[in-house]
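Participant: model the structure of this input:
(2 chains)
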Amino acid sequence: MTVVAQMNLVQAINDALKLEMKRDPRVVVLGEDVGRVGGVFRVTQGLWDEFGDERVVDTPLSEGGILGTAIGMALYGLRPVPEIQFADFIYPGYDQIVSELAKMRWRSGGEYSAKMVVRTPVGGGIRGGLYHSQSPESLFIHVAGLKVVCPASPYDAKGLLLAALRDPDPVLFFEPKRIYRAARGDVPEGDYTVELGKARIVREADRTSGEPAVTILAWGAMLYEAVAAAEKAAEQGIESEIVDLRTLWPVDIDTIAASVEKTGRVIVVHEAPKTCGFGAELIALINERCFLSLEAPPVRVAGFDTPFPYTLEMDYLPLAHRILPAIVQTAKY
Amino acid sequence: MIVLLSRAMQHAAPDPSSASPLPLSGSEDLVRSERDGGVGVAFRPALDAVGEALLRHMVRARVVSARMVGLQRSEKIGYHHASLGEEAAIVGAVLAMRATDWIFPGAREWYAGLARGLPLGVYVHHAFGSAEDPTNGHAAPDHAPARALHVVPPSGVIGAHLPQAVGAAWAAKIERANVATLALFGAEVAASGDFHNALNFGGVFKAPVVFVCRAKPDARIVDRAVAYGLASARVDGADALAVFTVVKAALARATEGKGPTLVEVVSPSLERVTAGAIDDAALAAGDVLDLGAGDPVARLGALLARENRASAGAQKVLAAEVMAELDAAVLAAERAGAPAPATIFEHVYAGVPAHLAAERQRLTGAQWDGGGG
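Facilitator: Below you'll find the model as predicted:
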């Protein structure tokens, strides 16, 4: 029988890293203060003690250097897992991701690949201001050759990370830092994976009443806001079906389309700015797939098209109190 | 400011297989190996043996590049990163490394793959982006991979390969493999953040990597080495034997665990190249073995002729052979035609995800299913 432990997101990710480092000697963790300190959020705590400073490496403070050297390691045959301390700091290494990591297999006709998982915390709500709160997923989804993952639960975090580490393609693994410790749940001990590219229905809409229902697409920390809003909407007799995307790219459009065909209404929730955010692509895909099933215009509840504010972050974030009116309006359209 | 290699060699151990024959210390002095000045006697046999290989590859690099310039002018290929005059730097450095060492060239160091054994025909297929191009026409000319030969395909982003060369070297060190890496680039790269990252990370982790930078005489890229705690040397880029010897010494240093070396190779300025005086007829005829004073190909040829190890006639024969090989390769590339349209979607990922399969279906003419994604 699988032993199950209560873990938060940090512990689940740490557990996955530890497990894979034991299983696969090619896995090397590197980044700013990931060794002795265990990372700014302590996600890599204990790895340095167990695996030593050749496999858990404190690097100079340069994301371009971390990612550039990690690509070289991957070309050579290691499985580097670079940590970028905050996703907001990934841009100095963006060129290495976009021009090198994502394109290595394609530009070499499959001769070379640079397999790695880039881990980085995303999202706001931790009083971090504009340089510690961003959600840049669409900047990576737009780049051919990358896979993008964002777990919401500890179970998924461990299973998705293990799947990402074993996937042949480079994966951006976005960790919703606001729920690093707040999200708790049962996590099996030992090895298991959650397949990449598969969404999960977190809450099913009951269509037996004949009342209007809404599909809500969310991921990461905002999943919990969607759930809270859906519970409030249910009090008003509106059913919500919530899809946790889990893997943002390649996206599980089949699960999304099936849900939208069932409800005829869809809301996308994300922290990133609305314009050209992933919600725009999701709605375009839904229009291509489910145009004739739609009974209301698709809606985005997103961050504003501004930088991320320090003081007013709770006004910026698409929290439950902003999702609820969107549910009601969409249901009543 | 010019010191002959012989003077530097006075400090070296007499054993020709000695690991570090040259003082790599960021010296102001330009390392040269003028035969009349005298290469260190102890090294003469090794250099003689390698001299012919250097010359053979340099002639080949020269003739191929000249032909590619011609193919670019006639718009048969998209473009070519001409390396006329840079042969000593490129060939000297690549031949100094062991076959098991990895090479990270820039696009202008495209000859690295050929020096390692990439067939000329494959290089030309790649330049044409033909159906036989190993990248399926994905990458532009001079960006060919040669994984079996440990040659990484050049990036179009100048300098992006430098930290990767450090990472691969660092990985080899972690794996306890006796493998070093060579990063080749031009002096313009020294302005980039990647250059800084590479030298900084390389220095911090003592990665077994050799940086070889081609530069104009006043660039003085070599002066940066001290800031990163690297060894360095400045070499005459018209002198293939000097480049070879210095890079060998840097390689020895790397494999001894002493970390990276920054080698600056001072490129010769060739009259016929700078004046744009190489006409199409000269290119077509392969009449490019002497491009003026300081030509590294002519210089090494003359040196070996003096040693009775090569004749100018032999080089012309070799050039003609390469031209004939090129003729056949160009014909084959033109006949091969373009890759099949569906190949655009290959190697984006290890597999073909559903959204790419749908796009591929649309491109290849299958009936539109009315769906998206």
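Participant: what about the residue in the stretch 201-333 of chain A positioned nearest to chain B, neighbour count?
Facilitator: Proximity to chain B, evaluated over the stretch 201-333 of chain A using Cβ to the nearest Cβ, is greatest for A:Glu288 at 2.4 Å. Every residue, glycine included, has its C-beta placed from N, CA and C. Counted with other Cβ atoms under 10 Å in any protein chain shown, residues neighbouring A:Glu288 total 15.
Participant: how far does the helix or strand harbouring it sit from its chain's centre?
Facilitator: Using DSSP states H and E, A:Glu288 sits within helix A:278-290. Relative to its parent chain, helix A:278-290 has a centroid offset of 19 Å by Cα atoms, centre = their mean, to the nearest Å.
Participant: elements contacting it?
Facilitator: helix A:137-141, helix A:253-263, strand A:266-273, strand A:299-303 (3 or more Cβ pairs under 8 Å, 6 or more residues apart in numbering or on different chains; DSSP states H and E).
Participant: how much space between the residue most central in space within chain A and chain B?
Facilitator: Relative to the mean C-alpha position of chain A, the nearest C-alpha, by Cα atoms, centre = their mean, is the one of A:Cys150, at 1.3 Å. Taking Cβ to the nearest Cβ, to the nearest Å as the measure, A:Cys150 falls 18 Å from chain B.
Participant: separation between that residue and A:Leu172?
Facilitator: 9 Å (Cβ to Cβ, to the nearest Å).
Participant: overlap in contacts, the two.
Facilitator: Listed as contacting both A:Cys150 and A:Leu172 by Cβ atoms under 8 Å, 6 or more residues apart in numbering or on different chains are A:Glu137.
Participant: that older thread, got the helices and strands packed on helix A:278-290 as CSV, with distance to A:Ile201 and mean neighbour count columns?
Facilitator: Formatted as CSV, the helices and strands packed on helix A:278-290 follow (distance: least, Cβ to Cβ, whole Å; neighbours: other Cβ atoms under 10 Å in any protein chain shown):
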stretch, distance to A:Ile201, mean neighbour count
helix A:137-141, 21, 22
helix A:253-263, 7, 20
strand A:266-273, 14, 26
strand A:299-303, 19, 23
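Participant: next, format the ones you listed as JSON lines and append distance to chain B.
Facilitator: Listed next are the helices and strands packed on helix A:278-290 as JSON lines, based on distance: least, Cβ to the nearest Cβ, whole Å:
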{"stretch": "helix A:137-141", "distance to chain B": "11"}
{"stretch": "helix A:253-263", "distance to chain B": "5"}
{"stretch": "strand A:266-273", "distance to chain B": "15"}
{"stretch": "strand A:299-303", "distance to chain B": "18"}
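Participant: as CSV, these with mean pLDDT would be great.
Facilitator: Output for the helices and strands packed on helix A:278-290, formatted as CSV (pLDDT from 0 to 100):
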stretch, mean pLDDT
helix A:137-141, 98
helix A:253-263, 98
strand A:266-273, 98
strand A:299-303, 98
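Participant: take the ones you listed and lay them out in CSV including distance to B:Tyr111.
Facilitator: Shown next, in CSV, are these (distance: least, Cβ to Cβ, whole Å):
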stretch, distance to B:Tyr111
helix A:137-141, 35
helix A:253-263, 46
strand A:266-273, 45
strand A:299-303, 50
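Participant: contacts for stretch B:337-356, please.
Facilitator: Identification of contacts with stretch B:337-356 by Cβ under 8 Å, 6+ apart yields A:105-106, A:108-110, A:113, A:144-145, A:147, A:168-169, A:197, A:250, A:253, B:129-131, B:133, B:136-138, B:357, B:359-360, B:363-364, B:373.
Participant: what comes up buried for stretch A:54-70?
Facilitator: Residues of stretch A:54-70 classed as buried: A:55-59, A:62-70 (neighbour count, 16 or more other Cβ atoms under 10 Å in any protein chain shown).
Participant: identify the residue of the stretch 51-200 of chain A closest to chain B, quick one.
Facilitator: Proximity of the stretch 51-200 of chain A to chain B (Cβ to the nearest Cβ) peaks at A:Gly72, 2.3 Å away.
Participant: wait, what's in contact with that residue?
Facilitator: B:Phe104, B:Pro163, B:Gln164, B:Ala165, B:Val166, B:Gly167, B:Ala168, B:Ala169, B:Trp170, B:Ala171, B:Thr181.
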